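Colleague: return atomic coordinates for the entry below.
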Amino acid sequence: MLDLSENPVEKKIESEKLYSTQLLNTPKRYNIIRQWMTGFLIAGIAVLFVPWQQNIQGFGKITPFNPSDRPQVIPSVIAGRIDRWVAREGQFVNKGDTILVLTEIKEKFLDPKLLMRTDEQITSKQDAILSKREKIDALQNQLVALTAGLKFKLAQAKNKVKQMQFKVLGERAELEAAKVNQRLAEDQFKRLEILYNQGLASLTELQNRANKTQEAQAKLISAENKFNTVQNELINSEIELNSIEADYLDKISKAESTLNETAAEIFESQADVSRMQIEYSNIEQRSRYYVVRAPQNGFIIRASKAGLGEQIKEGEQVATIMPANAQLAVELYVKAVDLPLLYKDCKVRVQFDGWPALVFSGWSNVSVGTFAGVVKVIDRVISPNGKFRVLVTPDPEDEPWPTLVRAGSGAYGWAMLNNVALGYELWRQFNGFPPDMVRELDLSNGYQNGKLDDKESKAADKPEEDEEKKQK
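Modeller: Here you go, the predicted structure:
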């Protein structure tokens, strides 16, 4: 039917009661479902165009940023026995406060007067060194005297040798004269004997001439004896000259040897004094380590030794101190594929374990219970867990972190990257593509859109070119 009448039949017939019309009409509940499905479809399509901020997620824990603010083990420098505990666990201590007191256990340091007696030994050694120095002065004076005596004796012996030489010359001349006189006397005696045989000379004259000949012979013998005696004296004086030099050189050598031995003893004594002074200082320093003190302000969080009278070894841990007012940071671990997208001062949102939070990683503005941070350190080597460590500190331009968080508690963080549509983000994750990142112009390091500008890039490449030229 064309339904051209101005009086429709539907007004007069109750179509809802007719079975045929019930089959032709759509139920109202299905209309409602269709309307909801249409609304969901439109909302889903609209959501695909909602802005979404890409992020890199990482898990980690809270740790002090500075190494000096991290929990520090307090060791015992010396071995000893615990005499008494002064601090207790959880107590706040200032730098230099006493934590515990030790007593000595080594036999070498048990003497209560060890310092005084060691000082007395040092004083005795120093006095011995002074005595040996005086001995060296005496030996040096002795060497000077021996050197002067050697010069004097040598001069005296040389003069005596010269005198003997002159005397030998004189006696030689007398010997030659005696020889001449003896020959003349013999010649006169022979001529007088001829005259006597001829009767021209008397016997008395002959006998007198014989006596004179004997006298000349005796004088010759006497001159020869004097000459030999003087010559022997010359030889003795030369021998004495050599013996004087050898004797004094022997005395000088002995004095120098004694001098060197004494100097060596002084050096050994000085080495002994140095060793004893070191030992004295070590004993004095050791006495200061009987008291274990706090290295810095903090809280005693763990005592490794308990009770009194317990012995501890050198370098053994006594307690652990947590520094006060430590600057906390979050230690996050990220995948290697996400590491190139991180950089220093990158913005990060942090959620702490035990801290109530409602997190929307892509809409950080509507998240509740999260806190802002910035990347300060990116490790250059991978960690044992196969990820790279990143240290995040509080953002000074945002809300401060809670004061109740403690080092060691867990944390969850995500670094904020580029703003994209939610549909694109879903498509990227379904395909396993890495996130996009657009880095704004940073005049401090020359980055623009995640890349170095042309000038900085050329400047960065120039050292490599120079290095290649040097190698060629």
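Colleague: state which helix of the protein is the longest.
Modeller: helix 203-288 (DSSP state H).
Colleague: what helices and strands are in contact with that one?
Modeller: helix 114-197 (3 or more Cβ pairs under 8 Å, 6 or more residues apart in numbering; DSSP states H and E). For the C-beta atoms, the positions are set from N, CA and C on the backbone; glycine is no exception.
Colleague: pLDDT on the helix it packs on, on average?
Modeller: In this model, helix 114-197 carries a mean pLDDT of 83.
Colleague: run the chain-centre distance for that helix.
Modeller: Helix 114-197 sits 66 Å away from the centroid of its parent chain (Cα atoms, centre = their mean, to the nearest Å).
Colleague: next secondary structure after the longest helix of the chain?
Modeller: strand 291-293 (DSSP states H and E).
Colleague: pull out the buried positions in that following strand.
Modeller: Judged by neighbour count (16 or more other Cβ atoms under 10 Å), strand 291-293 contains these buried residues: Val292, Arg293.
Colleague: OK, contacts around the closest residue to Val93 other than its chain neighbours?
Modeller: Leaving aside its chain neighbours, Val93 sits nearest to Ala294 (4.3 Å; criterion: Cβ to Cβ, 6 or more residues apart in numbering). By Cβ atoms under 8 Å, 6 or more residues apart in numbering, the residues touching Ala294 are Ile74, Ala87, Val93, Asn94, Lys95, Gly96, Asp97, Ile99, Ile321.
Colleague: quick check: beta-bridge partners of the third one?
Modeller: So that's Val93. Gly298 (DSSP bridges).
Colleague: for Gly298, see how far away it is.
Modeller: 7 Å (Cβ to Cβ, to the nearest Å).
Colleague: what sits in contact with each of those two?
Modeller: Common neighbours of Val93 and Gly298, counting by Cβ under 8 Å, 6+ apart, are Ile321.
Colleague: who are the packing partners of the helix or strand hosting Ala372?
Modeller: In this assignment (DSSP H and E), Ala372 forms part of strand 371-378. Strand 371-378 is packed against strand 347-352, strand 388-394, with contacts defined by 3+ Cβ pairs under 8 Å, 6+ apart.
Colleague: which of these sits closest to Tyr248?
Modeller: strand 388-394 (83.7 Å; Cβ to Cβ).
Colleague: what about Asn431, neighbour count?
Modeller: Close neighbours of Asn431, defined as other Cβ atoms under 10 Å, add up to 7.
Colleague: picking that back up, for Asp338, find the nearest of the helices and strands packed on strand 371-378.
Modeller: strand 388-394 (8.6 Å).
Colleague: between that closest one and strand 371-378, how many degrees?
Modeller: Angle, strand 388-394 to strand 371-378, by axes from the mean of the first three to the mean of the last three Cα atoms, to 10 degrees: 130 degrees.
Colleague: before we move on, the earlier item: now the helices and strands packed on strand 371-378 as CSV including mean pLDDT, mean neighbour count and distance to Asn181?
Modeller: Listed next are those as CSV, based on pLDDT from 0 to 100; neighbours: other Cβ atoms under 10 Å; distance: least, Cβ to Cβ, whole Å:
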stretch, mean pLDDT, mean neighbour count, distance to Asn181
strand 347-352, 84, 22, 138
strand 388-394, 90, 21, 128
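Colleague: can you lay out the ones you listed as JSON lines showing distance to Ala303?
Modeller: Shown next, in JSON lines, are the helices and strands packed on strand 371-378 (distance: least, Cβ to Cβ, whole Å):
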{"stretch": "strand 347-352", "distance to Ala303": "28"}
{"stretch": "strand 388-394", "distance to Ala303": "30"}
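Colleague: roughly how far apart are the nearest residue to Phe92 once chain neighbours are set aside and Lys135?
Modeller: In space, Phe92 comes closest to Phe299 once its chain neighbours are excluded; the distance is 5.4 Å by Cβ to Cβ, 6+ apart. Per Cβ to Cβ, Phe299 is found 64 Å from Lys135.
Colleague: what do you get for Lys106?
Modeller: Lys106 is 39 Å from Lys135, by Cβ to Cβ.
Colleague: and these two? Which one has more around it.
Modeller: Lys135 (17 against 10).
Colleague: ignoring the adjacent residues along the chain, who's closest to the more buried one?
Modeller: Thr262 is the one closest to Lys135 (Cβ to Cβ, 6+ apart), at 5.3 Å.
Colleague: what does the pLDDT read for the one you found?
Modeller: Looking at Thr262, the pLDDT reads 87.
Colleague: quick one: low-confidence ranges for the stretch 1-150 of the chain?
Modeller: Counting by pLDDT under 70, the stretch 1-150 of the chain shows low-confidence ranges at 1-31, 47, 50, 52-55.
Colleague: got it, and the stretch 301-450 of the chain?
Modeller: Those would be 354-369, 416-422, 425, 429, 432-434, 436-450, if you go by pLDDT under 70 across the stretch 301-450 of the chain.
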